[in-house]
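**Student:** sequence-free structure coming up:
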């Protein structure tokens, strides 16, 4: 329980005064006593008594500008002359609480009584204050008297429970300090049950007992829980402390690279070497994160370095023999501690040249990839003092395999010593709790979720990384060739000599380069131009830009835009105008790549045939070598000749002027995507979970892609049905406690919602402009002749089956098209971005955008040969063209209501006015029957008009359940039916709920309200449609019609429903009983055609689908209640649309 403390005085002043009203002697004798009740932060509680009966009371309040901060009995208190006095109608109540008051303020309040004769009497002004959050007891948190955490209030907008310090002699302290509601009105969090369920889930997946989670683990995400379970409770994700980290899980620092290295006690000899490689990196903002496990003694070297160098983050865990952490767990802990936006994995026994991080991070950024790694690397064997070169793809060629082979991929994408990736990827995807293969499994998961092109392979022809084999490695490399000493001496890692000790583990490898200057190894490169040839001095680390600068000095003309090729393009060069044949160009490409020797190996002639996989891989590699180089590229150790062309000659020859990809061909789309990404941001949303079911059925944290400056209303639009209308959006405002956000508030980068029903980890919905960008990218992809050939193959394999063709098309989109579009828009990696589901929802606005977008949509669908969606696109184009003709050139239809809008609108309407309509449903469950009873859509045959409707028990009506059948409360089965409500039932409920408020309607009794708004028929019943209409009018009259959550599109959708309701109520063919009009199918089709004109494009599909489910006989009669029941039920159930 909370600590017992002395009760504080919370009772305010009691004021008794003679309240005067004009010169009336009757009013002069009237006393109003006002008592200020318990004090709260956002609530004023008052009670008052009078000597005579008043017709109603009003509470007036105003800010006290001259407040001293204490309650006062001063009868001379008066508000300032220019002060704004707020008046609240309290009805006939003699007590009340005014909530949502400003916190920590002083107010002047008084009670106004209205006598039966119409005169008003006033009490004197009294001072009342609200508490300041600064005076809270911080140690109490949000725990109730039973030490259970509680969250938002069920009665008011209070975002979180704030306790008083209480004792057994202060029972009044069981209320929320902020809102004044009892603590039981705040949602209780089932902490124990949630934690237990997490432990059971972990035990099942790990196959062993797990360490129980601490109480604070309720706020942990799945990754943090995983670290706790895998470490047996040794890794507390919120309490890892180092000298340079006051707390883990720091916000990433833009531009920083975190080098993460797992290590053990047995590898202490490599630790100084690792630090020196880190210190030698030329990347400016970097840190080194070391995660070590040891049995007897931790690393003295890193213990000292962590004290001296703030860039070193060193954490250690003592483990018993046989109970060490896995390498995968250590990598996860390192990612958890890292603060850089990019993570580089360093092995403690390997060498990394000074430019390594620059090269890898630049490749990551230039390619806009999520991860990069080396495709080949140099190897040094300590035991034999020899060098070799490992190239998994080239090795696969010798075995008749290409890069898609599982064997080749395991070598090419394994070896985590050269992984460089974005930190968010490491937070979203975790390494497996294993020691061998955890790196390859992680990389495969990344490619599976974001497409193969999310990972880029970087060739290492310069030796910027050296993999050292010393006998204690966890994996071995398969070399494809031996490396002579002369080649090894020119590798980039030889620059480490000035940082390393010759006596270190790799001292022998570096010793032979001692004394060599930076210019050692320079050679002359022959530059072939169309008209001449020049010799250029080329140092080992010179780039293409350096080469062109040297060429410019000789030619005396600008050469910075010239294109440089390592393989001669099919253009005439030199005085003899020599054009190299295709075969010779392929041989030069193989020499440049260093794979020429593979063609001489046994079996190469058979394996490298063009029709084989390895032969096609060979062609792919040599073709890539024939592309022009980028300005930052280096020529390579095997390049002695280059061919240089001015850009206009390269373009005239049909040569690519750069390594363009399909998504970069549309320059307008690329520029627009870059601009859109600058105008957008990701807000991280946390969902409050108070129960086990809610905890495991919804995402506890997810991201939402929004335009900068988006409001809460736009957030609701993006999340759609996943965010219930009654859910509150909360945020932590600067200098204040967590607050409920209004619909017009701007969404910050982190928010909390009180309820959420979505299963995914990321949500977005594109604007019209973003839809156009996506479609332009898709058009570029499918215009490519190679991709059209793939569609030919899809059609051939589908053999006329549209389903099979679409299945193949979806896979193509999911793995090759959508991932690149996401990267262009800078959408971060998420669990579910690899499929079409996210794009389906993001593009849901395309059919209701504008003429230009839907025409582009139609073009893309035709290119994809997607017949079903092409038909929808044709209809959309026709609609907007008709609209353009009608509106004289205005092609944009603003916020056409979609089918999803209609669904949401109905759900919101069913939740409108929870106090009154909820009481009616509770008193008479049949009132909601019209929303869930069967209608003609659920039957094989149509239903003819009938006044009788037998009550069927709702399947949700369990024994003792809240819902009951009509028969159970004694209603005649032949009266009303289909949700029709007896007027006597409505009268009882309305009298109770509207007590004291009948005057708001200008009526004197509930009978008058019933006649005015419900219009019961001669049989004394109110049909469901009339009940719906009447309830809207009652709520509107009371000022409780909740429309703040409705977008303009949703309001238009509701207008469509109201129009059809009017048709059913006011255009009846004949009257059977109130609200049970019958219609012929022909009449219903007429009504629906008019509704289609009102609800717009996507509404057309909805209403036309309803029309197809009508009976075929045009003279068949259908009741109005059956129509309402069917439309409401189908609108909630919903249909699915696809966008491929």
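**Tutor:** Received the coordinates, thanks. None of these values were measured; they are calculated from a predicted model.
**Student:** would you say residue 52 is within a strand?
**Tutor:** No: counting by DSSP: H, G, I helix; E, B strand; the rest coil, residue 52 is not part of a strand but coil.
**Student:** Quick one: neighbours of it, just the number.
**Tutor:** 14 (other Cβ atoms under 10 Å). C-betas here are computed from N, CA, C, even on glycine.
**Student:** That one contacts residue 115, correct?
**Tutor:** Yes: Residue 52 sits in contact with residue 115 when judged by Cβ atoms under 8 Å, with a separation of 7.2 Å.
**Student:** would residue 551 count as being in a helix?
**Tutor:** Yes: membership of residue 551 in a helix is supported by three-state DSSP.
**Student:** Can you read off the pLDDT for the nearest residue to it once chain neighbours are set aside?
**Tutor:** Among residues not flanking residue 551 along the chain, residue 559 sits closest, at 5.1 Å (Cβ to Cβ, 6 or more residues apart in numbering). Confidence at residue 559, expressed as pLDDT, is 89.
**Student:** now the one 10 residues further on
**Tutor:** For residue 569, the pLDDT comes out at 90.
**Student:** in terms of contact, does residue 754 touch residue 152 like I think?
**Tutor:** Yes: under the criterion of Cβ under 8 Å, residue 754 makes contact with residue 152 at 5.0 Å.
**Student:** can you list residues touching both of the two?
**Tutor:** Common neighbours of residue 754 and residue 152, using Cβ atoms under 8 Å, 6 or more residues apart in numbering, are 159, 688, 728, 730.
**Student:** ok, the first one to residue 731 distance?
**Tutor:** Computed with Cβ to Cβ, to the nearest Å, the distance linking residue 159 and residue 731 is 9 Å.
**Student:** got any ranges where the stretch 851-1000 of the chain has weak pLDDT?
**Tutor:** In the predicted model, the stretch 851-1000 of the chain carries pLDDT under 70 at residues 887-980, 992-1000.
**Student:** give me that answer again for 50
**Tutor:** 889-978 (pLDDT under 50).
**Student:** ok, and the most crowded of the shared contacts of residue 754 and residue 152?
**Tutor:** Ranking those using other Cβ under 10 Å puts residue 159 first, with 24 neighbours.
**Student:** pLDDT at it, what is it?
**Tutor:** 80.
**Student:** Same check on residue 662?
**Tutor:** Looking at residue 662, the pLDDT reads 58.
**Student:** Ok, residue 642 next?
**Tutor:** 92.
**Student:** can you check residue 184 too?
**Tutor:** Value for residue 184, per-residue pLDDT: 84.
**Student:** residues near it, how many?
**Tutor:** Residue 184: 12 neighbours (other Cβ under 10 Å).
**Student:** any idea how far residue 155 is from it?
**Tutor:** Residue 184 is 10 Å from residue 155, by Cβ to Cβ.
**Student:** ditto for residue 125
**Tutor:** 29 Å.
**Student:** out of those two, which sits in the busier spot?
**Tutor:** residue 125 (23 against 13).
**Student:** can you pull the pLDDT of the more buried one?
**Tutor:** On the pLDDT scale, residue 125 gets 88.
**Student:** which residues of the stretch 451-600 of the chain score low on pLDDT?
**Tutor:** 517-519.
**Student:** Which stretches in it count as strands?
**Tutor:** In the stretch 451-600 of the chain, strands defined by DSSP state E, counting those that start in this stretch lie at 455-458, 465-469, 481-483, 523-528, 533-538, 563-565, listed in chain order.
**Student:** Good, wrapping up.
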